[in-house]
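A.B. asks: with the input below, show me the fold.
(2 chains)
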2 protein chains.
Amino acid sequence: MIPRLYYVTTPLKEGEAVPLLPDRVHYLKNVLRRKIGDKVLLFNGDDGEYDAELTALDKKTGAAKILRQTRAAKAEPDLWLIFAGVKRAAQETIVQKATELGAAYIVPVKTERTVTTKVNRDRLGLIALEATEQCDRLTLPNVLETQSLEKLLADWPADRRLIFCDEAGDDPDAQWGGDKGRAAPVLDALKGDAGKTDKWAILIGPEGGFSPAEREMLRGKSFVTPVTLGPRILRADTAAIAALTLWQAALGDWRAEAVTPA
Amino acid sequence: MIPRLYYVTTPLKEGEAVPLLPDRVHYLKNVLRRKIGDKVLLFNGDDGEYDAELTALDKKTGAAKILRQTRAAKAEPDLWLIFAGVKRAAQETIVQKATELGAAYIVPVKTERTVTTKVNRDRLGLIALEATEQCDRLTLPNVLETQSLEKLLADWPADRRLIFCDEAGDDPDAQWGGDKGRAAPVLDALKGDAGKTDKWAILIGPEGGFSPAEREMLRGKSFVTPVTLGPRILRADTAAIAALTLWQAALGDWRAEAVTPA
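C.D. replies: Residues are numbered from 1 along each chain as shown, chains lettered A, B, ... in the order given. Okay, here's the model as predicted:
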C-alpha cells in the first residue's frame, strides 16, 4: 500500500522537489519502514493529489520528488457539523466519522445541557488528519474550539441552511407535542430543502437533548429545518453519523448526479 | 430517570408480581441505588413495556409489581446486518449502533480478506442489551456466531433482499470498472427496491474489501442489490452505520408512513 500524506508545506507541482517535515519523516521511516526510492502520494485541497518518490530520509528531514498528478483538486461539499460537547470517546468518534463523511468544518458547541465543553483540538486534529489520509479525501476538515450555540446562531450567515436534529421532534409528549412540535422525517425534509442553497450545516444535540428555550429559539429561525432521526433514541455520535450520511446521500456527493455529472 | 430493563423471565401482564434475577437486583441496588417502592420500566418484544414498582430487593433475589402497560408490542423492521469480522473495538461499535438503528439480527461473517473471526458473543450480547435498554426499543437483537459468507449465501432465503455495500462499486479502476462494475448510489437503489419484500439484509465488507471472486459471486445472485456509499473510503463501522441509517430512512421506520400510519 502506498502511503497517502496530506501535504501543505509547499505547493505541489509535477517535477518539483519538496521537503518533508520531521514528523512525517519519522512516520515514513520508523512506523511504515519506507526507504529512499519508495512511492508516496502527496495531496491537499488546492493542488490535488500527486505520485511522488522519496529522495531523502535523513535523521530529521527528508524530501520527495513529485512525479505526476493522480487527481485534480475539486470542490467538496460545504457542510458543517455542529455538535454539543460530549465525552472524549464520542468526540473522537464524531471527528473521525465526520471526516470520512465529508464535513468541512467540525464545530463543538456549548448548550444548556452540555456535559463536556473541553475539547483537545490537537488530539482531534490528529484524528481528522489520519482519517483524511485514510478515507481518500483531498481536504482536511477544520476542527474548531467550542463555541456558544447562542452566539453561533446570533452570527449565523443568512445563506447557510441548518438541519436541526430534534430528538424530541417525534415525541407527542414533548414540549409542543402534536403538530406544532413535530419535525419532518429527515429524508422528506432534505428533499424539501434541495436547491435552496449550497451551504449547509447539521446540528446534533447533547445526550440530554436541547432545552425548551433552545428548541424554541432554533424553531424560530428562518434558516433552520427541524428533522427527526426515527423512533429510537440515538447517542450523539450515532446521530451525527446518521445525519451526515443522509445529507450526503440526499444532497451531497453520494448522489448519482455527483458521481456522473450530466 | 426511571431504569428501563429488558425482561423475559416471565410474561409481563398488568397486576402481576414478577421475580428479578440476581444480576438485575445487583444492578438496581448497587449500581443505580434503587430502593423498594421505586419505579422501573420492564419490557420485551412480545409483551410491550410496563410501569412497575420494586417490591423486594434482597441479597440475591428481588421482585416487582407490574402496574400498567406504557407501550404495546409492535412489529419491528425485519433487517439483518451482516458484517465481515473486524477488530474488537469496531465490532463493539457496530453492535451498539446496529441496536440503536434497529437491526434484528447482527451476523459476523468470515470472508477471504477478513482479519478477525473471533467474536466474544457474551460481551457483544451485553453491549446489545445495554443499547436496547437505552435506545427505547422493545426487542433485543440477536448477535450470532461468525458464519461463513459462502455458506450463508448458499442457504439464503429466497424472499430476503440483500443490500451489498460494494466499496469498489464506484471505482472505474476496480475489477469490472465502468458500467459492469458500477453499483447504484444507495438511495436510488433502495428506492428501486421498495416494495419488493419486507425482509432485508445489509452486507458490509472487511477493511480490505471483498475479493474479486466474492464480488462476482454476490453480483450473480438474484436477491442481491449492489450499492455504493459515496466517493470516500469508509471504515467498516462507519459503513455499517451509514447503510443501516439509509435503509431505515428510505424503507424502514424512519419514514413518514411509519411515523403516521395512513
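
A.B. asks: after the helix or strand of chain A with the lowest mean pLDDT, next one along is what?
C.D. replies: Within chain A, no helix or strand scores below helix A:178-181, which has a mean of 60 by mean pLDDT, DSSP states H and E. Sequence-wise, the next helix or strand downstream of helix A:178-181 (DSSP states H and E) is strand A:184-185.

A.B. asks: who's in contact with the helix or strand that that next one is followed by?
C.D. replies: Sequence-wise, the next helix or strand downstream of strand A:184-185 (DSSP H and E) is helix A:186-193. Taking contacts as C-beta atoms under 8 Å, 6 or more residues apart in numbering or on different chains, the residues outside helix A:186-193 that touch it are A:161, A:163, A:165, A:183-184, A:225-229, A:243, A:246-247, A:250-251, B:187, B:249-250, B:254-256. Where you see a C-beta, it was placed from the backbone N, CA and C, and this is true even at glycine.

A.B. asks: please pick the buried ones from those.
C.D. replies: Buried members of the contacts of helix A:186-193, counted by 16 or more other C-beta atoms under 10 Å in any protein chain shown: A:161, A:163, A:165, A:183-184, A:225-229, A:243, A:246-247, A:250-251, B:187, B:249-250, B:254-255.

A.B. asks: phi and psi next, for the residue lying closest to A:Lys60 once chain neighbours are set aside.
C.D. replies: Spatially, and ignoring its direct neighbours in sequence, A:Lys60 is nearest to A:Pro22 (4.8 Å; C-beta to C-beta, 6 or more residues apart in numbering or on different chains). Backbone torsions for A:Pro22, taken as degrees, to the nearest 10, come to phi -50, psi -40.

A.B. asks: so which of the contacts of helix A:186-193 are in helices?
C.D. replies: Within the contacts of helix A:186-193, residues falling in helices by DSSP state H are A:Ala243, A:Leu246, A:Trp247, A:Ala250, B:Leu187, B:Ala249, B:Ala250, B:Ala256.

A.B. asks: so A:Ile204 sits right up against A:Leu81, yeah?
C.D. replies: Yes - A:Ile204 sits in contact with A:Leu81 when judged by C-beta atoms under 8 Å, with a separation of 7.4 Å.

A.B. asks: common neighbours of those two, please.
C.D. replies: A:Ala240.

A.B. asks: off-centre distance for stretch A:189-209?
C.D. replies: Centre-to-centre, stretch A:189-209 and its host chain are 14 Å apart (C-alpha atoms, centre = their mean, to the nearest Å).

A.B. asks: repeat that for stretch A:66-78.
C.D. replies: Between the centre of stretch A:66-78 and the centre of its chain there are 18 Å (C-alpha atoms, centre = their mean).

A.B. asks: cool, and stretch A:51-69?
C.D. replies: The chain centroid and the centroid of stretch A:51-69 are separated by 29 Å, computed with C-alpha atoms, centre = their mean.

A.B. asks: before we move on, what about stretch A:29-37?
C.D. replies: Distance of stretch A:29-37 from the chain centroid (C-alpha atoms, centre = their mean) equals 30 Å.

A.B. asks: so how far does that stretch reach from one end to the other?
C.D. replies: 12 Å (C-alpha to C-alpha, to the nearest Å).

A.B. asks: what mean pLDDT would you report for that stretch?
C.D. replies: Here stretch A:29-37 scores 95 as its mean pLDDT.

A.B. asks: what residues are up against A:His254?
C.D. replies: No, residue A:254 isn't His; it's Trp. A:Gln248, B:Pro185, B:Val186, B:Leu187, B:Thr228, B:Leu229, B:Gly230, B:Pro231.

A.B. asks: if we use 6 Å, what do you get?
C.D. replies: A:Gln248, B:Pro185, B:Gly230 (C-beta atoms under 6 Å, 6 or more residues apart in numbering or on different chains).

A.B. asks: next, work out how far apart it and A:Thr245 are.
C.D. replies: Per C-beta to C-beta, to the nearest Å, A:Trp254 is found 8 Å from A:Thr245.

A.B. asks: could you do A:Thr70 as well?
C.D. replies: 27 Å.

A.B. asks: and the two? Which one has more around it.
C.D. replies: Taking A:Thr70 and A:Thr245 together and counting by other C-beta atoms under 10 Å in any protein chain shown, A:Thr245 has the greater number of neighbours (29 against 15).

A.B. asks: for the more buried one, give me the pLDDT.
C.D. replies: On pLDDT, A:Thr245 comes in at 98.

A.B. asks: which one is it nearest to, not counting chain neighbours?
C.D. replies: B:Ala242 (4.2 Å).

A.B. asks: run a quick neighbour tally on that neighbour.
C.D. replies: By other C-beta under 10 Å, 29 other residues sit near B:Ala242.

A.B. asks: what's near enough to touch A:Lys59?
C.D. replies: By C-beta under 6 Å, 6+ apart, A:Lys59 lies in contact with nothing.

A.B. asks: and the helices in the stretch 1-150 of chain A, which stretches?
C.D. replies: A:22-26, A:88-100, A:121-135, A:149-154 (DSSP state H, counting those that start in this stretch).

A.B. asks: ok, and what's touching the shortest one?
C.D. replies: Residues outside helix A:22-26 that contact it (C-beta under 6 Å, 6+ apart): A:Leu57, A:Lys60, A:Gly62.

A.B. asks: the last one against A:Glu53, yeah?
C.D. replies: The reference is to A:Gly62. No - the pair A:Gly62 / A:Glu53 is not scored as a contact, 11.6 Å apart, by C-beta atoms under 6 Å.

A.B. asks: higher neighbour count, these two?
C.D. replies: With neighbours defined as other C-beta under 10 Å, A:Gly62 and A:Glu53 compare such that A:Gly62 has more, 22 against 14.

A.B. asks: what about the more buried one, distance to chain B?
C.D. replies: As defined by C-beta to the nearest C-beta, to the nearest Å, A:Gly62 lies at a distance of 26 Å from chain B.

A.B. asks: in the sheet, who's paired with that residue?
C.D. replies: Beta-bridge partners recorded for A:Gly62 (DSSP bridges): A:Leu20, A:Leu57.

A.B. asks: measure it to A:Lys39 for me?
C.D. replies: 14 Å.

A.B. asks: around chain B, which positions in the stretch 101-250 of chain A sit nearby?
C.D. replies: Residues of the stretch 101-250 of chain A lying near chain B by C-beta under 6 Å from any C-beta of the partner chain: A:135-137, A:170, A:185-188, A:230-234, A:238, A:241-242, A:245-246, A:248-249.

A.B. asks: what about 10 Å?
C.D. replies: A:101-102, A:131-132, A:134-137, A:170, A:182, A:184-190, A:207, A:227-235, A:237-246, A:248-250 (C-beta under 10 Å from any C-beta of the partner chain).

A.B. asks: give me the pLDDT value at the residue lying closest to A:Arg219 once chain neighbours are set aside.
C.D. replies: Nearest non-adjacent residue to A:Arg219, counting by C-beta to C-beta, 6+ apart: A:Pro226, 6.0 Å away. pLDDT, A:Pro226: 94.

A.B. asks: wait, what's in contact with A:Pro226?
C.D. replies: Neighbour list for A:Pro226: A:162-166, A:168-169, A:181-184, A:186, A:189, A:203, A:215, A:218-219 [criterion: C-beta atoms under 10 Å, 6 or more residues apart in numbering or on different chains].

A.B. asks: ok, now A:Leu126?
C.D. replies: Counting by C-beta under 10 Å, 6+ apart, A:Leu126 touches A:Glu92, A:Val95, A:Asn120, A:Val143.
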